[in-house]
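Participant: no FASTA, just this:
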């Protein structure tokens, strides 16, 4: 283990020892459940370790809470996507119901696409969703967003690339 890895490990270990209980309680209070809070607390520290950098912190709890808030937002977004997907599945006839394995794969793909679209500028994301979900033509999207048709085409290219690479990374 290199000296920088050892320093990272010691800082992370100290951060965990001094603040894990506080963070788990903070998350329990906000999440209303022990299991999800414990998972998010662990995920918070995993993010710290994955960053390969634990800075010297004046406010370690604020630092951890910021990471945990982002993870909570991701958790709630995933729940919303899963709820919408399950509602759509409930409307399908039994004969067309996908297997549990296929449902999991589709849900993972939907979450990856959601994360990818979230990286786009608002207008690019909106253009993509209007085209894909509403079936709008580029000309109509351009008029609605106040941009040129060519700009809508550029937005679509960016969105499709983001979705493609999201799928590549999740596979």
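Facilitator: In hand now; what should we look at? The structure presented is a predicted model; accordingly, all values stated were derived computationally and were not measured.
Participant: Please state the offset of the longest helix along the chain from the chain centre?
Facilitator: Counting by DSSP state H, the longest helix found in the chain is helix 60-90. Mean-position distance between helix 60-90 and its chain equals 7 Å (Cα atoms, centre = their mean, to the nearest Å).
Participant: Run a quick neighbour tally on residue 136.
Facilitator: 17 (other Cβ atoms under 10 Å). Where C-beta positions appear, they are placed from N, C-alpha and C, glycine not excepted.
Participant: Name the nearest residue to residue 53, sequence neighbours excluded.
Facilitator: Computed as Cβ to Cβ, 6 or more residues apart in numbering, the closest residue to residue 53 that is not its neighbour in sequence is residue 8, at 7.1 Å.
Participant: contacting residues for that neighbour?
Facilitator: Contact analysis of residue 8 by Cβ atoms under 8 Å, 6 or more residues apart in numbering lists 49, 52, 53, 54.
Participant: Can you give me the buried ones in stretch 103-111?
Facilitator: Using 16 or more other Cβ atoms under 10 Å as the burial criterion, the residues of stretch 103-111 that qualify are residue 111.
Participant: hmm, I was thinking of stretch 62-75
Facilitator: 63, 64, 65, 67, 68, 71, 72, 74.
Participant: got the domain boundaries for the protein?
Facilitator: 1-97, 98-171 (automatic domain parsing).
Participant: Save these as TSV, and put in mean pLDDT too.
Facilitator: Converted to TSV, those look like this (pLDDT from 0 to 100):
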stretch	mean pLDDT
domain 1-97	88
domain 98-171	91
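Participant: thinking again about what came up before, what about burial for the contacts of residue 8, which qualify?
Facilitator: For the contacts of residue 8, buried by 16+ other Cβ under 10 Å: 49, 54.
Participant: Could you work out the most separated pair of the contacts of residue 8?
Facilitator: In those, two members sit farther apart than any others by Cβ to Cβ. They are 49 and 53, at 9.7 Å.
Participant: Just the ones of the contacts of residue 8 in strands?
Facilitator: Counting by DSSP state E, no part of the contacts of residue 8 is found in strands.
Participant: re the thing from before, which elements pack onto the helix or strand following the longest helix of the chain?
Facilitator: Later in the chain than helix 60-90, the nearest helix or strand by DSSP states H and E is helix 100-118. Judged by 3 or more Cβ pairs under 8 Å, 6 or more residues apart in numbering; DSSP states H and E, helix 100-118 is in contact with helix 60-90, helix 122-133, helix 149-170.
Participant: what residues are up against residue 119?
Facilitator: By Cβ under 8 Å, 6+ apart, the neighbours of residue 119 are residue 162.
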